[in-house]
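S.K.: Attaching a predicted model along with its sequence, questions to come.
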Amino acid sequence: MLGLRPTVAEPVGRIDGPLTARDAALAVEAELGRVLDDALGRARDTDPVFARDIADRVASLVLRGGKRLRTAFAWCGWRAAGGTGDATPVLRTGAALELVQGCALVHDDVMDGSPLRRGAPAVHVDLARMHEAARMAGSPAAFATSAAILAGDLALAWADDLLAETALGSPHGPHLLREWRAMRTEMVAGQYRDIHAQATAASGVDEAVTIATLKSALYTVERPLALGASLAGADAAVLEALRCAGRCAGLAFQLRDDLLGAFGDPAVTGKPADDDLRTRKLTYLLAVGARLAETSGDRDAADVLAPGAPSVSDDTVRRMRAALERTGARAVVEARIAELAATSLRHLDRTGAEPFVRREFAVLVGQASGITPRCTGEAA
C-alpha cells in the first residue's frame, strides 16, 4: 500500500544507550506503516470492496493515533527489566497494542453512540455517511453498526497476527502470549461491565473502579509494561512491581479521561465533552459526585447525578457539571489522580530500574494523568 507509511524516524533496531520512550513512540509509527501496508495488501488480495470500505478505515484510524502511550509504556517495561539490544520486538508489540486500541475504539464508539474519534467522524458514523451517499438499500445506521463491528474485529485480528509473529520469534514468546491473552479477556470483561452497569443503573464507587481497571487501566499501562518486561525475561519480583506501578498509573489515566469526558474541550480531546454525562455512564467521577451529594444532603445534586434514563438536555448536562463542582467531586478526583501517579512511581522504584528509565516513566505518567509526579530523590 503506497502512501500509508508516516514520514518519521526509522525503527530503532539495536540500542546500547538510553533511548527515550518518545523515540520508541515515534519509531512505532514507521513500524505501524509497514505492518498496515502488508495487511492492506492482503486485504486487497482477499476482496477489493472489503479492503476499500473496512480495511482502509481501520488503517486510517490507527495511523491517526495520538501519543502512542501503550508503546512507550511497553518500552519502559522492557528497559526497567534490563532490556537492551534489538528493540524491534518491543516496537512490534507496541504496534500490536495500537491495533488493539483501534479495535476497542471502534467498538466503544458503536456502543456509546459517539460521533467523533480522534478529531474525525467515528468509524460507524463515516460508514453511515458512505451508505447514504451511495444510496444503498436499508437502514444506514444498521448497516454502519454491523460494518463497524467487523472493522473492530479486523483490527483485533491484525493485532493478534502481529503479536503471534513476534512471540514466535522471541525466546520469551510463551510469557508474552500469556500477558496478551489475559489483556484481551480483561478488555472484554471491562466493556461488558460498563454496559452492564448502565443497564442496571449501577452507581457505586467500587463498581466504577472495577470498570475503570478492567476496561482501561490494565490494557493502557499495566499490560503494556508487563509485555515489554516479558520480552526482557523479567523475573517475578520485577513483574509484580511493574504491575502495581501500571495499575496505579492506568487508573490515574482513566480518571483523567473521566474528567475530560465531563469538562474537556472537544477541540483538544478530539471527542465530545458530554457523552458520559448525557448517558450517565458510570464513571468514578459520577459515582463520587452521587455519593458526596447524598452525604451532604444536596438534593438537587443527588437528583441530577442519580442513575436513570439517559439525558439529552443541554440544561441537565450543565446542572450535572455544576453539581460535580459544587459537591467537590471534581476536586476529589483530581486529588486521587495525583495520589495514584505518585504511588505508581514508588512501585516502579522497586524494579531497580536505572534513573533514566524512572525519569522516562515519570514523564509518561504525567502525560497519562495530566499531573507530572516527581521522581524519587529529585529536589523539590
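M.R.: Done, it's in. Numbering: from 1, shown residues only.
S.K.: Tell me who's in contact with Ala39.
M.R.: 55, 59, 158, 161 (C-beta atoms under 8 Å, 6 or more residues apart in numbering). Using the backbone N, CA and C atoms, a C-beta is placed for each residue, glycine as well.
S.K.: Quick check: next helix or strand after the one helix or strand it maps to?
M.R.: Element membership for Ala39 (DSSP states H and E) is helix 21-46. With elements assigned by DSSP H and E, the helix or strand that comes after helix 21-46 is helix 48-50.
S.K.: Averaged pLDDT, the helix holding Ala39. What do you get?
M.R.: Helix 21-46 shows a mean pLDDT of 94.
S.K.: going forward can the numbers begin at 40, since that is how I track them
M.R.: In the new count, where the first residue is 40, that last one comes out as helix 60-85.
S.K.: What segments of the stretch 190-339 of the chain are strands?
M.R.: Read by DSSP state E, counting those that start in this stretch, the stretch 190-339 of the chain holds no strands at all.
S.K.: Quick one: low-confidence residue ranges for it.
M.R.: Low-confidence segments of the stretch 190-339 of the chain, defined by pLDDT under 70: 306-312.
S.K.: And the stretch 40-189 of the chain, by the same measure?
M.R.: 40-57.
S.K.: From the centre of this protein, give me the residue that's furthest out.
M.R.: Distance from the C-alpha centroid of the chain peaks at Gly336, with 36.1 Å (C-alpha atoms, centre = their mean).
S.K.: Might you report the residue contacts of Leu324?
M.R.: Leu324 makes contacts with 294, 297-298, 301, 363, 368-369, 372, as judged by C-beta under 8 Å, 6+ apart.
S.K.: need the contact list for the spatially closest residue to it that is not a sequence neighbour.
M.R.: Distances taken as C-beta to C-beta, 6 or more residues apart in numbering place Asp297 nearest to Leu324, at 4.3 Å, with adjacent residues excluded. Remark: with contacts taken as C-beta under 8 Å, 6+ apart, Asp297 is in contact with 251, 315, 322-325, 372.
S.K.: OK, contacts around Gly208?
M.R.: For Gly208, the contact set (C-beta under 8 Å, 6+ apart) comprises Pro128.
S.K.: Report the separation between it and Arg217.
M.R.: To Arg217, Gly208 is 17 Å away according to C-beta to C-beta, to the nearest Å.
S.K.: Glu70 now?
M.R.: According to C-beta to C-beta, Glu70 and Arg217 sit 23 Å apart.
S.K.: Nearest the geometric middle of this protein, what residue?
M.R.: Most central in the chain (C-alpha atoms, centre = their mean) works out to Thr259, at 4.8 Å.
S.K.: Excluding chain neighbours, what is closest to that residue?
M.R.: Leaving aside its chain neighbours, Thr259 sits nearest to Gly289 (4.9 Å; criterion: C-beta to C-beta, 6+ apart).
S.K.: The one you found: how many residues sit nearby?
M.R.: Neighbour count for Gly289, taken as other C-beta atoms under 10 Å: 28.
S.K.: Gly347 too?
M.R.: Gly347 sits with 11 neighbouring residues when counted by other C-beta under 10 Å.
S.K.: SS state for it?
M.R.: coil (DSSP: H, G, I helix; E, B strand; the rest coil).
S.K.: roughly how far apart are it and Ala329?
M.R.: Distance from Gly347 to Ala329, counting by C-beta to C-beta: 11 Å.
S.K.: before we move on, what about Tyr231?
M.R.: Remark: distance between Tyr231 and Ala329 (C-beta to C-beta) = 22 Å.
S.K.: quick one, which of those two is more surrounded?
M.R.: Using other C-beta under 10 Å as the criterion, Tyr231 and Ala329 rank with Ala329 on top: 27 against 13.
S.K.: Grab the nearest non-local neighbour of the more buried one.
M.R.: Spatial nearest neighbour of Ala329, excluding adjacent residues (C-beta to C-beta, 6+ apart): Leu344 at 4.5 Å.
S.K.: Glu364 is in contact with that neighbour, correct?
M.R.: No - here Leu344 lies out of contact with Glu364, judged by C-beta atoms under 8 Å, at a distance of 11.7 Å.
S.K.: So for those two, which sits in the more crowded spot?
M.R.: Leu344 (28 against 15).
S.K.: check contacts around that one.
M.R.: Contacts of Leu344 (C-beta under 8 Å, 6+ apart): 325, 328-329, 332, 359, 362-363, 366.
S.K.: Cool, thanks, talk later.
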